[in-house]
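Visitor: This is a predicted model, with the sequence first.
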Protein chains: 2
Amino acid sequence: MSAIKELWSYFNEIKKLKYIEELLQWDLNVNMPKGSIEGRAEQRELIRGLIHRKMKSQKVGELIKDAENSNPLTQTDLALIREAKREHDHAKKIPEDLISEIAKTGALGYIEWEKARIKSEFSRFEPYLEKMVSLRTKFAEFLNTGPTPYSSLIDLFEPGATYEWIAGIFNKMKIKLVKIIHKLVDCSEGPDQSILRKYYETEKQWQLSLEIIKKLNFNFNIGRQDKSTHPFTASVSSIDTRITTRIWEDFLPACLFGTIHECGHALYEMGFNAQLRGTYLADGCSMGMHESQSRLWENIVGRSREFWVYWYPILQKFFPENLRACSLEDFYRSINVVKPSFIRVEADEVTYGLHIILRFELEKMMIEDNLQVSELPQIWNTKFEELFGIVPPSDKEGVLQDPHWIGGYGYFPTYALGNLYGAQIYHSTLKDLPNLPYEYEKGEFSNLLKYLTENIYQYGKIYRAPELLEKMTGEVLNPDYFIKYVENKFYPIYGL
Amino acid sequence: MSAIKELWSYFNEIKKLKYIEELLQWDLNVNMPKGSIEGRAEQRELIRGLIHRKMKSQKVGELIKDAENSNPLTQTDLALIREAKREHDHAKKIPEDLISEIAKTGALGYIEWEKARIKSEFSRFEPYLEKMVSLRTKFAEFLNTGPTPYSSLIDLFEPGATYEWIAGIFNKMKIKLVKIIHKLVDCSEGPDQSILRKYYETEKQWQLSLEIIKKLNFNFNIGRQDKSTHPFTASVSSIDTRITTRIWEDFLPACLFGTIHECGHALYEMGFNAQLRGTYLADGCSMGMHESQSRLWENIVGRSREFWVYWYPILQKFFPENLRACSLEDFYRSINVVKPSFIRVEADEVTYGLHIILRFELEKMMIEDNLQVSELPQIWNTKFEELFGIVPPSDKEGVLQDPHWIGGYGYFPTYALGNLYGAQIYHSTLKDLPNLPYEYEKGEFSNLLKYLTENIYQYGKIYRAPELLEKMTGEVLNPDYFIKYVENKFYPIYGL
């Protein structure tokens, strides 16, 4: 076998182990009995250990060298070599005892976070968080892939991105977003959500969610939907992508838009080129790019007026008592309320970016500027007030709301990058296919999917996100597309 | 680490991989989308390969030698060494290309079997079966663990058992069973099943099945029940045992007794001593012993009059229209009809043994006596008539009904051994706890479970089946206990 072929096959095996790890995790969240946690933890540790050893092995180092010297190499071969080098390099750099200390602190800290959040008691979470900050700082130093430690951590999720680059974009966005939000909030004509907070039977919501993703061309032959506490997407084999949703009987958007969001992730995973399936490149090119697709389908498509021209009559049939008297226009406005609020996961698409900027700035301070963890709640609240004009009534609605920081740092910014990538991608899509919104009115979404598949999904991890974005849209990332999208959509909703 | 400790830990890791393999298979049968077969097949192959390499490795050979020379060794240590040697020996003996040829032929042949069965077309299945017979014969020769090739295959499922030994027991049983069945069949007073063939709403059957296994002390904290085409039990981690059932709306026993059967398997798996959990000895001591427990709970307990004294009023509440006019006694008789029939999986507990004897004798002829596969359908029908007095109307109801032979040989006899072990174990249990049946009348099953756990389940794979049986009952396997159980139960039902 040629060296490059051997490298493919070596990484195919790693990918299979990763799919298995995904299945272990999917099952844990969807099916596993409560008392079985430890048994599953052992299995995940085993699979992770196998992956780590394979990534780190001398053999793969030699394989990479041999492959690099092979001839000819296709663009896809080069992408594999790039990823192989990156992963091998990471695995070699991080000491194994640091990895297991992070895993242990993360597991214990997560349990403590759950308790601390319920009681809004930051002090009991503080020592774990402090330890994690110090472990991840060490981790970043070992990694040393970016110009600064925080950049090294960001690079894990958004390859090539740095603090500097993201800060430049976010700062530009922040000023404009704050201005827009002020305008909207000051408006007395704004819509309200009360129609969404009636009682909606869960079984009907479930049926509707299945109907919607079917129409969005989610492929049930190689996928399924289940329920779980937190919605997520998991590819559990090369041809098996599963999403989950949650259903709240007194808040319709949780299931509705949660489902469309995860469906967006799944359409990306289901859209990889057949030749990439099951290979190490069968993955999104970055977390931000992946998130751009979930948000594009959820927000840009799923919260558009045209989408509801088709779906609202169906929704009304599902819930005639709640919706009979509500016009399409009022419903459309109700799902597009913009309002500063405390909880990130419940935020609208406009204020969402500010939630992320807050976290991004705090992460930077924790990893690089010696921000004391004990000061976090205070700083959180101060910064929150600067951004949103309101102060969280307790840490439960403040610094304790998300579990991310007991895992790592650098992930949050990718959520907001997702909004920006998505708006720019969609703008470019509409230039080629200006009739798309009219198709939504007829319940037709396949041309959008086809276009996104051709321009993004099929490539998997072959390109880096900025490269792919430029290839598709002809431009580097420009947050103005998102700002313009927001203005064009929300000013009319608010009668401005 | 001492050598014996290292051996435990080495085999714990193998066990974890086996649990993962079980999860892959459980998920395939319960959740997996139809189009995802190939992705899953690749994963199973990977995990199996990892297990095989670990079993075969020189390292484990050395570990075993070192462990054998360790001091002191407990009985459990010795059992681990015994199992480790056995598995290492098997892995070394069988060439890898033979293993993969068997896997390939099995996979292709299974698909062909499904088609052949539907069309009752033996000829299209014949070449695959012929190939499998020849591959398994080779396999048995490589194995060479028993006095004859077929015995080597039997030993895989029932360690230590031989053709000779089983044939001796089966021949004894056959004569008596045939006599009993004649008596019962000739009886004009026999019960009938029509009450069970009414329409029973599937959702209610499902709810009832959950209530029953809860009462039987199935532990939902470390287990769950789902639906699948063929019922099965799978331990998917050291503390996670799952069963499945199937529900037929026009035949009540499918779900009812299928559920109790699998629950019996699960109670065994849930009953391993805490120290054995997650180790290589966390397993039934043989397939026959495992089956003895599923059948004990299903037939000896679940089809007893006392069981239904408690459950029948509840069943009547579930299905008042069907059962209001049916007395407990009539219901009890309806679930204990003895009647020669063509399909093994639908057979009653008395005729069941003859179905197994037929297969046992044919397997012997295929592996050792050059029985031509092309002659199988004819010989099947001839032997079937000898045993049951009826001839299958087609191969679909004859030789094509079971898929087992496209996998291997030597498994079938363990089903009937299960009945025999079970009757002897239960006889001995009643000597110590004669009041058990009165407890069932009150819905109390925990003392039976406690007793079986103490005497069988807790030991896992520490003892071999004959050893454990003798330790518990004071006797070697004696089929007369089963015969006596059958006579004592069925003669009264048939008014004899």
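Guide: Happy to help now that I have it.
Visitor: quick one, what contacts the residue in the stretch 101-250 of chain A that chain B sits nearest to?
Guide: Taking CB to the nearest CB, chain B has its nearest neighbour within the stretch 101-250 of chain A at A:Ser237, 3.0 Å off. Every residue, glycine included, has its C-beta placed from N, CA and C. Applying CB atoms under 8 Å, 6 or more residues apart in numbering or on different chains, we find A:Ser237 in contact with A:19, A:23, B:36, B:39-40, B:42-43.
Visitor: Which two among the residues you listed are spaced furthest apart?
Guide: Maximum pairwise distance among the contacts of A:Ser237 (CB to CB): 12.6 Å, between A:Leu23 and B:Glu42.
Visitor: the more surrounded of these two?
Guide: A:Leu23 (25 against 19; other CB atoms under 10 Å in any protein chain shown).
Visitor: in what helix or strand does the more buried one lie?
Guide: helix A:3-30 (DSSP states H and E).
Visitor: which parts of that helix are buried?
Guide: A:3-4, A:6-8, A:10-30 (16 or more other CB atoms under 10 Å in any protein chain shown).
Visitor: Ramachandran angles for A:Ile243?
Guide: A:Ile243 has phi and psi values of phi -120, psi 160 when expressed as degrees, to the nearest 10.
Visitor: what's the neighbour count on the closest residue to it other than its chain neighbours?
Guide: Counting by CB to CB, 6 or more residues apart in numbering or on different chains, A:Ile243 lies nearest to A:Glu262, which is 3.8 Å off, once chain neighbours are set aside. Residues contacting A:Glu262 under the criterion other CB under 10 Å number 26.
Visitor: Return the residues in contact with A:Glu262.
Guide: A:225, A:231-233, A:243-245, A:294.
Visitor: related to what we said a few turns ago, look up how far A:Ile20 lies from the residue of the stretch 101-250 of chain A closest to chain B.
Guide: 8 Å (CB to CB, to the nearest Å).
Visitor: Spell out which residues are contacts of both of these two.
Guide: B:Gln43.
Visitor: Give me the pLDDT for A:Gln372.
Guide: Per-residue confidence at A:Gln372 stands at 96 (pLDDT).
Visitor: no no, A:Met1
Guide: For A:Met1, the model assigns a pLDDT of 80.
Visitor: Please apply the same query to the one 5 residues further on.
Guide: At A:Glu6, the pLDDT value in this model is 97.
Visitor: Repeat that for A:Met270.
Guide: 98.
Visitor: since we're on A:Gln293, how many residues are nearby?
Guide: A count of nearby residues for A:Gln293, using other CB under 10 Å, gives 26.
Visitor: How about A:Asp250?
Guide: Neighbours around A:Asp250, by other CB under 10 Å: 10.
Visitor: is it true that it lies in a helix?
Guide: No. A:Asp250 is assigned coil when assessed by DSSP: H, G, I helix; E, B strand; the rest coil, not a helix.
Visitor: Helix or strand: which one has the residue sitting nearest the centre point of chain A?
Guide: Residue closest to the mean C-alpha point of chain A, counted by CA atoms, centre = their mean, is A:Glu291 at 4.0 Å. Per DSSP H and E, A:Glu291 falls inside helix A:287-295.
Visitor: centre of the chain versus the very next helix or strand once past that helix, how much separation?
Guide: Going down the chain from helix A:287-295, the next helix or strand is helix A:305-318, by DSSP H and E. Centre-to-centre, helix A:305-318 and its host chain are 27 Å apart (CA atoms, centre = their mean, to the nearest Å).
Visitor: can you list the residues of the stretch 101-250 of chain A near chain B?
Guide: By CB under 8 Å from any CB of the partner chain, the residues of the stretch 101-250 of chain A that approach chain B are A:219-224, A:236-240.
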